[in-house]
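Q: sequence first, predicted coordinates after that:
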Amino acid sequence: MLRHTGLHVRQSRMSMYRTVLAEGQPEDLITLLNRDLLVAQWPVLRMLISGAIRDVWEAAFPELAAARPAAAA
């Protein structure tokens with residue numbers, strides 16, 4: 001039996017979030033994204049998506065802009 005480690009789960013979630021942020025339809029965003037997880041993972045996740053997508057999300061959701069690392073501000 002394959003055991004899912006915490007790291008595997010986090011990597012899978014980051015991959016899914018990256019895809020949904022870039023390509024998701026409005027229903028996907030509502031259904032698949034969790035606000036608290038998105039904000040918590042944003043400092044890393046923002047580096048995995050294009051600058052254009054990152055800028056749109058940070059402009060629309062100030063809590064994401066606030067979650068970015070200080071050096072990236």
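A: Perfect, thanks for sending it.
Q: residues contacting stretch 22-39, please?
A: Stretch 22-39 has contacts (CB atoms under 8 Å, 6 or more residues apart in numbering) with 13, 16-17, 20-21, 45, 49-50, 53, 63-64, 67. All C-beta spots, glycine's among them, are computed from the backbone N, C-alpha and C.
Q: can you name the next helix or strand after the helix or strand of the chain with the lowest mean pLDDT?
A: Lowest on mean pLDDT, DSSP states H and E among the helices and strands of the chain sits helix 6-23, with a mean of 89. Going down the chain from helix 6-23, the next helix or strand is helix 26-32, by DSSP states H and E.
Q: can I get that following helix as PDB, trimmed to CA atoms?
A: Below are the C-alpha coordinates for helix 26-32, written out as PDB (Å, rounded to 0.1, in the frame of the first residue of the first chain):
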ATOM      1  CA  PRO A  26     -14.700  30.500 -11.700                       C
ATOM      2  CA  GLU A  27     -16.400  27.300 -10.400                       C
ATOM      3  CA  ASP A  28     -13.000  25.600 -10.000                       C
ATOM      4  CA  LEU A  29     -11.700  28.500  -7.900                       C
ATOM      5  CA  ILE A  30     -14.700  28.300  -5.600                       C
ATOM      6  CA  THR A  31     -14.800  24.500  -5.400                       C
ATOM      7  CA  LEU A  32     -11.100  23.700  -5.200                       C
END
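Q: helix or strand right after that helix?
A: Criterion used, DSSP H and E; the element after helix 26-32 is helix 35-45.
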